[in-house]
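Enquirer: kindly generate the corresponding structure for this input.
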Amino acid sequence: MPIVAHNDLPTLQRLKAAGTTIVLPEERAARQDIRELHIGLLNMMPDAALEATERQFFRLVGESNPIAQFYVHPFTLDALPRGDKARAHIDRYYEPFARIREDGLDALIITGANVTGEDLSKEPFWEPLGEVIEWAWENVTTTLLSCLATHAVMHFRHGQPRVRQPVKRWGVYSHRVLDSRHPLVADVNTRFDVPHSRWNDVSRAQFEAAGLRVLVESEEVGVHLATSHDGLRMVFFQGHPEYDTISLLKEYKRDALLHAQGRLPTFPPFPDNYLRPREQAILLEWRDRLLAAAGRGEPAPEFPETLVAPHLDNTWHDTAEAVIGNWMGCMYQVTHSERRKPFMDGIDPNDPLGIYLG
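Expert: Sure, this is the predicted structure:
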């Protein structure tokens with residue numbers, strides 16, 4: 001079922017124009033067996049990626065499940081620094097956490113964030129993020145944590161700080177399902193691709209030491225998908241299945257320009273398993289022109305996105321849609337199924353997915 005446009009967030013209109021089913025509140029299905037599901041999106045991404053991240057996660061939610069209508073409630077943390085444009089967007093379209101907490105949610109998604117140092121506990125968002133996570137643990141059926149949010153929870157809830165890697169892990173990588181019985185990976189290929197983009201890692205040994213369940217892993221870049229012991233209350237992503245086809249290309253452009261401006265020490269390598277030889281050659285030629293222009297103090301040459309983007313392959317979105325659909329289905333089963341009480345009103349918190357865990 002569709003996402004309900006309960007406000008005038010521009011992301012909803014862009015998704016509708018791209019083909020995602022978006023309905024107005026007065027167009028909601030009248031059938032009593034169609035449930036309203038309220039999904040929070042704690043968007044901690046920096047200003048430049050704020051609206052793109054909205055679209056990526058809204059799209060996955062809207063494509064995920066045929067048995068409900070979704071209300072997505074974006075919010076952020078006041079402790080995150082914002083420019084004027086992003087602040088105006090947030091003030092107009094986002095909800096305060098106080099209202100989210102009062103009204104309640106069926107599920108919550110927490111995005112990644114940019115950080116200034118290695119120690120997450122020194123970041124300005126540390127305490128307010130902890131407040132949201134502690135509230136969600138007690139009051140929300142299931143919380144999906146993306147990348148840095150996963151690292152934050154592993155640090156302050158499980159005492160497993162992330163570890164800096166010698167090189168950046170970024171590209172598109174093959175992953176293997178380790179436990180095909182779990183509903184989150186039901187009817188998903190035993191091998192599938194997921195993009196990653198991170199300098200830091202939480203290892204499988206750390207997840208398991210914390211008593212968590214590792215469901216999907218890559219031989220090259222480690223754990224992608226894990227859950228809390230109960231199988232649902234916390235769902236951890238280290239990769240970025242929400243990424244658009246061009247997300248890694250845009251990140252390459254950003255890092256290349258930062259290096260040319262002297263703000264990154266080295267020029268970024270190509271993302272692994274993402275670009276074919278022709279596209280690499282185009283970008284190498286652009287790199288040479290960029291560095292030459294920087295050396296002369298001239299503006300950067302135009303980035304050849306129009307030459308590269310049409311030849312990129314997306315090998316992860318279908319699986320991402322399936323996993324998110326399974327996640328929404330598990331949440332729906334726990335919170336709304338007639339044969340189960342709501343999650344916070346009688347379900348064993350250590351066994352909400354008893355059919356699987358039993």
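Enquirer: what about the strands in this structure?
Expert: Using DSSP state E, the strands found in the chain span residues 3-4, 22-23, 35-42, 68-75, 107-110, 142-146, 163-177, 191-201, 213-218, 222-227, 234-237.
Enquirer: mind checking which of those strands is nearest Glu285?
Expert: strand 163-177 (21.0 Å; C-beta to C-beta). Placement of C-beta: from N, CA and C, glycine included.
Enquirer: any low-confidence regions in this structure?
Expert: Within the chain, the segments meeting pLDDT under 70 span 1-3, 5-6, 11-12, 15-16, 18-35, 64-68, 336-358.
Enquirer: still on that earlier bit, quick check: which of the strands of the chain is nearest to Ala260?
Expert: strand 163-177 (17.8 Å).
Enquirer: what does that closest one contact?
Expert: Counting by C-beta atoms under 8 Å, 6 or more residues apart in numbering, strand 163-177 makes contact with 118, 185, 188-203, 215-221, 224-225, 239, 248, 251, 268-274, 315-316, all of which sit outside it.
Enquirer: which of these are buried?
Expert: 185, 188, 192-198, 200-202, 215-218, 221, 224-225, 239, 248, 251, 268, 271-272, 274, 315-316 (16 or more other C-beta atoms under 10 Å).
Enquirer: just give me the neighbour total for Leu108.
Expert: Other residues near Leu108 come to 24 when the count uses other C-beta atoms under 10 Å.
Enquirer: list the beta-bridge partners for it.
Expert: When bridges are called by DSSP bridges, Leu108 pairs up with Gly40, Thr143.
Enquirer: correct me, but it touches Leu42?
Expert: Yes: Leu108 is within contact range of Leu42, at 6.7 Å (criterion: C-beta atoms under 8 Å).
Enquirer: got any residues that touch both of the two?
Expert: In contact with both Leu108 and Leu42: Val132, using C-beta under 8 Å, 6+ apart.
Enquirer: helices of this protein, residue ranges please.
Expert: 10-17, 50-62, 84-93, 97-103, 126-139, 148-156, 204-209, 247-260, 277-295, 305-308, 317-336, 354-357 (DSSP state H).
Enquirer: for Ser180, find the nearest of those.
Expert: helix 354-357 (10.8 Å).
Enquirer: on that earlier part again, I'd like the helices of the chain laid out as JSON lines, including distance to Pro166.
Expert: Listed next are these as JSON lines, based on distance: least, C-beta to C-beta, whole Å:
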{"stretch": "helix 10-17", "distance to Pro166": "37"}
{"stretch": "helix 50-62", "distance to Pro166": "28"}
{"stretch": "helix 84-93", "distance to Pro166": "33"}
{"stretch": "helix 97-103", "distance to Pro166": "37"}
{"stretch": "helix 126-139", "distance to Pro166": "26"}
{"stretch": "helix 148-156", "distance to Pro166": "17"}
{"stretch": "helix 204-209", "distance to Pro166": "18"}
{"stretch": "helix 247-260", "distance to Pro166": "17"}
{"stretch": "helix 277-295", "distance to Pro166": "23"}
{"stretch": "helix 305-308", "distance to Pro166": "28"}
{"stretch": "helix 317-336", "distance to Pro166": "28"}
{"stretch": "helix 354-357", "distance to Pro166": "37"}
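Enquirer: who wins for proximity to Arg162 among those?
Expert: helix 148-156 (4.3 Å).
Enquirer: contact partners of that closest one?
Expert: Defining contact as C-beta under 8 Å, 6+ apart, one finds that helix 148-156 is touched by 42, 44, 110-113, 115, 120-121, 126, 129-130, 133, 145, 160-162, 198, 200, 202, 206-207, 210, 234, 236-238.
Enquirer: and the closest residue to Leu212 other than its chain neighbours, what does it touch?
Expert: Nearest non-adjacent residue to Leu212, counting by C-beta to C-beta, 6 or more residues apart in numbering: Ala226, 5.0 Å away. The contact partners of Ala226, taken as C-beta under 8 Å, 6+ apart, are Phe207, Leu212, Arg213, Val214, Leu215, Val216, Val235, Phe236.
Enquirer: just the closest of the residues you listed to Ala98, please.
Expert: Val235 (25.1 Å).
Enquirer: how is this protein divided into domains?
Expert: According to automatic domain parsing, the chain comprises the domains 3-243+314-357, 247-311.
Enquirer: tell me which of these is the most buried.
Expert: domain 3-243+314-357 (a mean of 18; mean count of other C-beta atoms under 10 Å).
Enquirer: quick one: distance of that one to the chain centre.
Expert: From the chain centre to the centre of domain 3-243+314-357 is a distance of 6 Å (C-alpha atoms, centre = their mean, to the nearest Å).
Enquirer: what of stretch 269-285?
Expert: 25 Å.
Enquirer: cool, and stretch 298-310?
Expert: Worked out by C-alpha atoms, centre = their mean, stretch 298-310 lies 27 Å from the chain centre.
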